[in-house]
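Asks: Here is my input, please return the structure:
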Amino acid sequence: MAKNGDHDLRPYPQYKDSGLPWLGRVPAHWEVRASKRMFSQSGERARPDDEQLSATQAYGVILQSDFEERVGRKVVRIINHLEKRKHVEPDDFVISMRSFQGGLERAFARGAIRSSYVILKPGDEVHVPYFAHLFKSHPYIQALRATSEFIRDGQDLTFANFSRVPLPIVPPDEQKAIADYLDANAVKVRRFIRNRRRLIEVLNEQKQAIINRAVTRGLDPNAPLKPSGIDWLGDIPEHWQTRRLKFLVRNVNEQTSTRQPDEVYIALEHVEGWTGRINLPSENVEFDSQVKRFRPGDVLFGKLRPYLAKVTRPDVSGVCVGEFLVLRGTDEGLLPEFLEQELRSKRFIDIINSSTFGAKMPRADWTFIGNLVIVYPPTHAEQLGILEEIGQQTASLQTAIDTAKREIDLIREYRTRLIADVVTGKVDVRDLAPAEPPSANEQIDEGIDDEEMLGEDEPELVEESEQ
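Replies: You can find the predicted model right below:
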């Protein structure tokens, strides 16, 4: 996406030191004020007719029913002690435990939210859309993070934390111009990301069609076929073998709480869906729970949200989180790399996903997976030939997918930098704001960009016990 208007972004004519490390130099006409003089804390209890709200990083604070509609998934409703919850009005801000990660959340609906949250009421000098951007900016989040001893002590972020970060005072018309500019830019960015994700979806469908056919029909279109006896599988080459997965692999459950110096640690977020690529963090990761050991060549299958297709085959030893099945081959006739490709094929993933349990965090069960039928050629030579052909036929598609993903990453980085620069006064957009701000419909996300983001929201949607 072209960075429209970047050449028009210029600094303000004059600056002064704000006295705040996170804010730095600000336009000369800006001031700084204690945040508690701009926002007050509300302790109003839920009203009898309040609907339940969800605090989400993707959408702000919205009705749970709206969240369900947007993500297409039911959430658990709270039915007890609703009177102990807190009342929220549109344009309030909500401080949650995650606020040090993604900013305070703006409320877009009236309703009730759990009592551990802090509700902020904006004062007369606050233009809510401007502060919605400021609270999401990286400099502010880092400043809020610096107050967060609660990370160590396991305490919630409080109004006292919020009050320790002074805020800029910006003229009202300037706040509006900044918010309108960023809202208009957000529409362009979302449109760009949406188009790229549609492209990725089309390319992935083409790639998966190639893989599905290759691992279930082979390379010879004229090969005689036979019924597999499995509805979702259909006909397969006559000379291919069929066995249930549990007779081809062992589900290894070697638990440990330690990791050797030469072992890697793999969590679900380290595995890229549909490719199996492993992206290990650069820093050393500590863990405080039991993990599973695996060997080179074991196939790791992510059983949490299997529709993400987090299936990989590490070439080193290590430990992984318990949400992976560690599948170790017991039949020398089946190559682990062929099994990996088949387990990650869309047809296989779809049938596993249809068996999951748990509305909030769906998981697949080994008993079901182990009973699925695996089809494969009888020789290693034919299996390797199929794998080589898959690689050749999908290489250009994967390159295009990777390019589109990099473009999405770059535009997000640009957007993050832009927000930080604009809300802290490093660039002047007063004359760049659109004559008409984006409509409400244009400002609404049409979906969550990443399933990982949904994962951050979901803990807010479990059934809670109000004391």
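
Asks: Low-confidence stretches in the stretch 301-450 of the chain?
Replies: Low-confidence segments of the stretch 301-450 of the chain, defined by pLDDT under 70: 359, 437-450.

Asks: now do the stretch 101-250 of the chain
Replies: 101-103, 149-156.

Asks: what residues are up against Leu23?
Replies: 32, 139, 143, 168, 424 (CB atoms under 8 Å, 6 or more residues apart in numbering). For every residue, glycine as well, the C-beta is placed using N, CA and C.

Asks: tell me which element it falls in.
Replies: Following DSSP states H and E, one finds Leu23 outside all helices and strands.

Asks: How confident was the prediction at it?
Replies: You'll see Leu23 listed with a pLDDT of 97.

Asks: Please renumber the chain so that the first residue is 439 from this point on.
Replies: Happy to do that; since the first residue is 439 now, the last one works out to Leu461.

Asks: And stretch 855-867, how far out from the chain middle?
Replies: Chain-centre distance of stretch 855-867: 26 Å, with CA atoms, centre = their mean, to the nearest Å.

Asks: what do you get for stretch 845-864?
Replies: Distance of stretch 845-864 from its chain centroid, counting by CA atoms, centre = their mean, is 19 Å.

Asks: now stretch 683-699
Replies: Distance, stretch centre to chain centre, for stretch 683-699: 27 Å (CA atoms, centre = their mean).

Asks: hang on, the earlier thing: can you tell me which of the contacts of Leu461 are buried?
Replies: Among these, those scoring as buried are 577, 581, 606, 862 (criterion: 16 or more other CB atoms under 10 Å).

Asks: ok, which pair from those is furthest apart?
Replies: Spanning the widest gap among the buried ones among the contacts of Leu461 are Ala581 and Pro606, at 11.7 Å by CB to CB.

Asks: and Glu770, which of the three is it?
Replies: With DSSP: H, G, I helix; E, B strand; the rest coil as the basis, Glu770 sits in coil.

Asks: still on that earlier bit, farthest pair in the contacts of Leu461?
Replies: Taking CB to CB, no two of the contacts of Leu461 sit farther apart than Val470 and Pro577, at 13.6 Å.

Asks: Identify the residues contacting Asn717.
Replies: Applying CB under 8 Å, 6+ apart to Asn717 gives the contacts 708-710.

Asks: between those, which is closest to Ser727?
Replies: Using CB to CB, the contacts of Asn717 come closest to Ser727 at His708, 16.1 Å.

Asks: For that closest one, report the pLDDT, please.
Replies: pLDDT, His708: 96.

Asks: Surely it is in contact with Ile716?
Replies: Yes - the pair His708 / Ile716 is scored as a contact, 5.8 Å apart, by CB atoms under 8 Å.

Asks: picking that back up, now, among the contacts of Leu461, which is nearest to Leu746?
Replies: Taking CB to CB as the measure, Leu746 sits nearest to Pro577 out of the contacts of Leu461, at 32.2 Å.

Asks: so what's the closest one closest to, chain neighbours aside?
Replies: Nearest non-adjacent residue to Pro577, counting by CB to CB, 6 or more residues apart in numbering: Trp460, 4.8 Å away.

Asks: go on, Glu489?
Replies: Leaving aside its sequence neighbours, Glu489 sits nearest to Gly549 (CB to CB, 6+ apart; 4.3 Å).

Asks: Which parts of the stretch 439-588 of the chain are strands?
Replies: With DSSP state E, counting those that start in this stretch as the definition, the stretch 439-588 of the chain shows strands at residue ranges 453-455, 463-465, 469-471, 477-480, 491-494, 498-501, 524-526, 531-533, 543-544, 549-551, 556-560.

Asks: and Ala833, which of these is closest to it?
Replies: Here strand 491-494 is closest among those (CB to CB), at 37.8 Å.

Asks: Convert the C-alpha atoms of the closest one to CSV, please.
Replies: What follows is strand 491-494, C-alpha atoms only, in CSV (Å, rounded to 0.1, in the frame of the first residue of the first chain):
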residue,chain,number,x,y,z
LEU,A,491,-20.3,-6.5,27.6
SER,A,492,-17.0,-7.9,26.4
ALA,A,493,-13.7,-6.0,26.6
THR,A,494,-11.8,-6.9,23.4
